[in-house]
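In: Quick one: sequence plus predicted model below, questions after.
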Amino acid sequence: MKSLVRLIILVGFVYAFYTGYSIWTYGNGEAVPEADAAIVLGAAQWNGHPSPVFEGRLKQGIELYKEDMVDYLVFTGGASENAVSSEANVGMKYAIDNGVPKDDILIEDKSLVTRDNVINAKEIADDRGIESYLLVSDQFHLKRAVYLAKSQGMSVEGVPTDYSAYESLETKIPFFLREWAVLMGQQVTDVFSN
């Protein structure tokens, strides 16, 4: 019995280490493939303007569009209580102000969490015949976001923003630890619910 407990602990430790390592290194130096659309995951907006985290994601999405890596940009994120606008609408305005034609922008402005961002963005994109996606977010968020997208049957690759507001270890570590815990919890839940 003790050896079984030790084995379970060892497997849990290896799984936790592997998951953490894969989050920390996700997307580092990988070539970005072309796709039909880039889904830019929402983050906070402040009085109709993107927060620094959201602006970093928006810049990356717009860059992918201008480099002809995608034909459409899909902005996600609803409006939290008392917000002047949804994150998606703030993203659309920012993109238009930076030269992206409105016809090439889709918005999903109902969701407030990553899972719903992905599910709702897919529904909107499906209506346009979009089949392949690049998912844009901060590096530590991407592993979980891509996991959620693939669980919806999406053909998707993650693209970490080069403009992340998470620059210092002081900001990176709490974000990483949160994503590590949430991803492991999601994967364990999925295993036991199947």
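Out: Structure received. Numbering: from 1, shown residues only.
In: can you give me the helices in the protein?
Out: Assigned by DSSP state H, the helices in the chain fall at 2-25, 52-66, 87-97, 114-126, 139-151, 169-193.
In: Next, format those as JSON lines and append distance to G78 and mean pLDDT.
Out: Every residue, glycine included, has its C-beta placed from N, CA and C. Below are the helices of the chain laid out as JSON lines (distance: least, CB to CB, whole Å; pLDDT from 0 to 100):
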{"stretch": "helix 2-25", "distance to G78": "25", "mean pLDDT": "85"}
{"stretch": "helix 52-66", "distance to G78": "13", "mean pLDDT": "96"}
{"stretch": "helix 87-97", "distance to G78": "7", "mean pLDDT": "96"}
{"stretch": "helix 114-126", "distance to G78": "8", "mean pLDDT": "93"}
{"stretch": "helix 139-151", "distance to G78": "16", "mean pLDDT": "93"}
{"stretch": "helix 169-193", "distance to G78": "19", "mean pLDDT": "85"}
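In: Just tell me which of the ones you listed ends up closest to G42.
Out: With CB to CB as the criterion, G42 lies closest to helix 87-97 of the helices of the chain, at 3.4 Å.
In: Just want the angle from that closest one to helix 114-126.
Out: Helix 87-97 and helix 114-126 are oriented at 50 degrees to each other (axes from the mean of the first three to the mean of the last three CA atoms, to 10 degrees).
In: And the contacts of helix 87-97?
Out: By CB atoms under 8 Å, 6 or more residues apart in numbering, the surrounding residues in contact with helix 87-97 are 40, 42-45, 48-50, 54-55, 58, 61-62, 65, 73, 75-79, 102, 105, 107-109.
In: in it, what's buried?
Out: Within helix 87-97, the residues that qualify as buried are E87, A88, N89, V90, G91, M92, K93, Y94, A95, counting by 16 or more other CB atoms under 10 Å.
In: Please apply the same query to stretch 19-37.
Out: For stretch 19-37, burial by neighbour count (16+ other CB under 10 Å) applies to T19, G20, I23, Y26, G27, V32, A35, D36, A37.
In: Determine the number of other residues adjacent to the closest residue in space to the fifth one that isn't next to it in sequence.
Out: In this case it means G27. Spatial nearest neighbour of G27, excluding adjacent residues (CB to CB, 6 or more residues apart in numbering): P160 at 4.2 Å. Look at P160: counted by other CB atoms under 10 Å, it has 23 neighbours.
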